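Trainee: The sequence and its predicted three-dimensional model are supplied below.
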Amino acid sequence: MGLSGLAGAVAVTLVHESVRRFYPNAPRMDILGMRAIAKGLRYVGQTPPPRDQLHTWSLVGDIISNGLYYSLTGGGKKAIWRGTILGALAGVGGVALPGPMGLGTAPSNRTKQTQALTIGYYLLAGVVAGGVAKWLRKVKR
């Protein structure tokens, strides 16, 4: 995972975790992560951990998976564009995919505002990742 990917992952996680504490229509991607982990554990015959531990696992998993994903921005002159596209795709996926994956739709699809915020958060993370990649490229010169 590159530094730019980590920056994007931390950005999206910080926004999610901050806004959800005071805005009732905020996306709850942490809940989707908890459901995915619990579902996977049950599938292999394990009992999911308590909710607070599951939440921690979800945040760590989000940072790792989003960090790897946003590392795809790479370097180069078009890093911000790649980050923007990756962010938009992640946001649309965050709205469209949880239902078909059996994780429920409410955490990211509850209202039009929730949908827009979900897309916006991931788009922001892509721009951050692309911006950091571009900055790193300049620093390495």
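Mentor: Happy to help now that I have it.
Trainee: what residue ranges in the chain score low on pLDDT?
Mentor: Applying pLDDT under 70 to the chain flags the ranges 141.
Trainee: counting contacts, what elements does the longest helix seen in it pack onto?
Mentor: Assignment by DSSP state H gives helix 112-140 as the longest helix of the chain. Other elements packing on helix 112-140 under the criterion 3 or more C-beta pairs under 8 Å, 6 or more residues apart in numbering; DSSP states H and E are helix 3-19, helix 51-70, helix 79-96, helix 106-109. All C-beta atoms are positioned from the backbone trio N, CA, C, and that covers glycine.
Trainee: Pull out the buried positions in that helix.
Mentor: 114-115, 117-119, 121-134 (16 or more other C-beta atoms under 10 Å).
Trainee: what do you get for stretch 29-36?
Mentor: In terms of neighbour count (16+ other C-beta under 10 Å), stretch 29-36 has its buried residues at 29, 30, 31, 32, 33, 34, 35, 36.
Trainee: ditto for stretch 40-50
Mentor: residue 48.
Trainee: now do stretch 16-23
Mentor: Under 16+ other C-beta under 10 Å, the buried positions of stretch 16-23 are 16, 20.
Trainee: check contacts around the nearest residue in space to residue 27 that is not next to it in sequence.
Mentor: Spatial nearest neighbour of residue 27, chain neighbours left out: residue 118 (4.3 Å); criterion: C-beta to C-beta, 6 or more residues apart in numbering. By C-beta atoms under 8 Å, 6 or more residues apart in numbering, the residues touching residue 118 are 27, 29, 91, 94, 95, 108, 109.
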